[in-house]
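# Got a sequence here, can you model it:
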Amino acid sequence: MQPPLNWQHPATSAELRPMMAEITGDTALLAFSTGKDALAAWLSIRPHFKRIIPVHYELIPGLDFIQRSLAYYEEFFDCKIIRRIHPSFVRWLKNCTFQSPEHWPIIEDANLPEYTHETIMDSVALELGLKDVFTAVGVRACDSPYRRMAVKKRGAVRWDRLAWWPVYDWNIADVDTALAESGVKLPIDYRLWGRTFDGIDHRFLAPMAQYLPGDYAKVLEWFPLADLELYRRRLQA
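Here you go, the predicted structure:
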């Protein structure tokens with residue numbers, strides 16, 4: 001999609017949000033990780049879009065703590081959250097991450113498809129009969145020099161990817177204020193890891209094994225040698 005004629009990027013996200021609603025219509029997709037920034041993005045666009053369709057990428061299918069969090073947010077926002085499998089899950093399988101040798105030919109024969117966040121959102125839009133619908137993403141420029149440079153160079157709207165950043169100029173204090181004023185709770189992830197669940201390395205697996213053993217067992221169903229991450233760290237201690 002091309003930007004409208006005479007498009008000028010607004011100076012603030014507060015100006016951008018109603019502008020995007022006017023340009024793209026009353027429906028928005030939302031990339032929803034359950035993290036702080038994703039929650040802030042959801043809260044920020046609520047006044048401007050009649051219909052918000054959140055999509056959550058499951059890093060490991062069927063983890064109970066994730067399903068409990070999603071159920072809570074569905075109740076809080078009174079909105080169904082669509083679940084899709086995270087591209088990283090497929091990539092880990094294709095790379096035989098934490099797989100025993102006997103699994104390798106099985107994974108290779110499965111010929112698992114590779115896809116991206118954009119293709120996931122495209123498929124959701126197609127299933128729902130939506131055209132040229134944009135995805136709101138909780139990206140903030142101050143998170144990293146790369147993101148700051150990206151906003152400075154290209155702005156907070158990706159017309160070619162049908163994506164935009166509704167809280168691009170917020171700092172963490174803005175995020176915390178929005179969450180506190182709304183009354184929404186953070187997921188259990190923040191108590192365990194200080195962030196959302198985002199990998200199958202020791203940082204995430206050790207607390208999960210200790211506090212969420214049922215979900216850790218589900219990780220081992222998919223990645224049976226993940227226990228080696230904990231064993232390796234014990235040897236190094």
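
# contacts and neighbour counts: CA atoms only from here.
OK.

# where in this structure is pLDDT low?
Along the chain, segments meeting pLDDT under 70 span 237.

# so where do the helices sit in the protein?
For the chain, helices defined by DSSP state H occupy the ranges 13-24, 36-45, 64-77, 87-94, 104-110, 117-127, 145-154, 172-182, 189-192, 202-211, 213-222, 227-236.

# For residue 55, which of these is the nearest?
Closest of the helices of the chain to residue 55 is helix 117-127, at 7.9 Å (criterion: Cα to Cα).

# Pick the most buried one from the helices of the chain.
helix 36-45 (a mean of 22; mean count of other Cα atoms under 10 Å).

# That one vs helix 13-24, what angle?
Relative orientation of helix 36-45 versus helix 13-24 (axes from the mean of the first three to the mean of the last three Cα atoms, to 10 degrees): 70 degrees.

# Kindly export helix 36-45 (C-alpha atoms) in CSV.
The C-alpha trace of helix 36-45 is given here as CSV (Å, rounded to 0.1, in the frame of the first residue of the first chain):
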residue,chain,number,x,y,z
LYS,A,36,4.2,-4.3,28.4
ASP,A,37,4.6,-2.6,25.0
ALA,A,38,1.9,-4.7,23.4
LEU,A,39,-0.5,-3.9,26.2
ALA,A,40,0.4,-0.2,25.8
ALA,A,41,-0.3,-0.4,22.1
TRP,A,42,-3.6,-2.0,22.7
LEU,A,43,-4.7,0.6,25.2
SER,A,44,-3.5,3.4,23.0
ILE,A,45,-5.6,2.5,20.0
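
# just checking, what packs against that helix?
With contacts defined as 3 or more Cα pairs under 8 Å, 6 or more residues apart in numbering; DSSP states H and E, helix 36-45 has these neighbours: helix 172-182.

# Apply 10 Å and report the result again.
helix 13-24, strand 27-31, strand 51-58, helix 64-77, strand 135-136, helix 172-182 (3 or more Cα pairs under 10 Å, 6 or more residues apart in numbering; DSSP states H and E).

# ok now the third one, how far from the chain's centre?
So the one you mean is strand 51-58. 9 Å (Cα atoms, centre = their mean, to the nearest Å).

# Since that was my last question, I'll sign off now.
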